[in-house]
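# predicted model follows, preceded by the sequence.
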Amino acid sequence: MTPSAPHTPRIAHVGIAVESIAGALPFYRDVLGLTPLAAEQADGAEIVSLRFGDVDVELLEPRDEGSPVAKFLAKRGPGIHHICYRVPDLDAALARARASGYRLVDERPRAGAGGRRIAFLHPKATGGILLELTD
């Protein structure tokens, strides 16, 4: 398989909401043999990333009861919270989404985990899936 070119949209990561990173991590570490990256804080959640080749899995544990991840867990329970697509030009992708009538959670890019520029699209506009875009 040929690696993705930098200008080709691709999956950057899958965010998984968990009640406890400590409780979820043993499967990834002990069963799959993955080494977790250092924990980060963003959007009221602790985030631990695990590399699966070119794609990360982010375990998301709420640290603030009003955070998006805490609200997700309260409503739906643990599971896939969002999918993040890496795009060649985040500003242009948001402009195209806005022009096409997609509902944006973030009108402008903001800082996410690792200092990356991110923006979310509302799941009501994307077939029920919370999508994050990054460049």
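Thanks, I have it. Numbering: from 1, shown residues only.

# beta partners of the residue most central in space within the chain?
In the chain, the centroid-proximal residue (Cα atoms, centre = their mean) is G15; its distance is 4.3 Å. When assigned by DSSP bridges, G15 has beta-bridge partners E58, H82.

# correct me if wrong: T8 contacts D54.
No. T8 is not in contact with D54 according to Cβ atoms under 8 Å; the separation is 11.1 Å. C-beta: built from backbone N, CA, C; applies to glycine.

# more neighbours: these two, which one.
D54 (13 against 10; other Cβ atoms under 10 Å).

# that older thread, thought the residue nearest to the centre of the chain was touching C84?
Yes. Between G15 and C84 there is a contact under Cβ under 8 Å: 6.9 Å.

# before we move on, the earlier item: let me see the contact set for the residue nearest to the centre of the chain.
I47, E58, L60, I80, H81, H82, I83, C84, E132 (Cβ atoms under 8 Å, 6 or more residues apart in numbering).

# for it, give me the pLDDT.
If you check G15, the pLDDT there is 97.

# likewise H7?
74.

# now the nearest residue to R86 once chain neighbours are set aside: which helix or strand?
Using Cβ to Cβ, 6 or more residues apart in numbering and skipping the chain neighbours, the partner closest in space to R86 is A12 (4.0 Å). Here A12, judged by DSSP states H and E, is contained in strand 10-17.

# who touches the helix or strand that that strand is followed by?
Reading on from strand 10-17 to the C-terminus, the next helix or strand found by DSSP H and E is helix 21-26. Applying Cβ under 8 Å, 6+ apart, the contact partners of helix 21-26 are I16, V18, P36, A39, E46, V48, L59, E61, P78.
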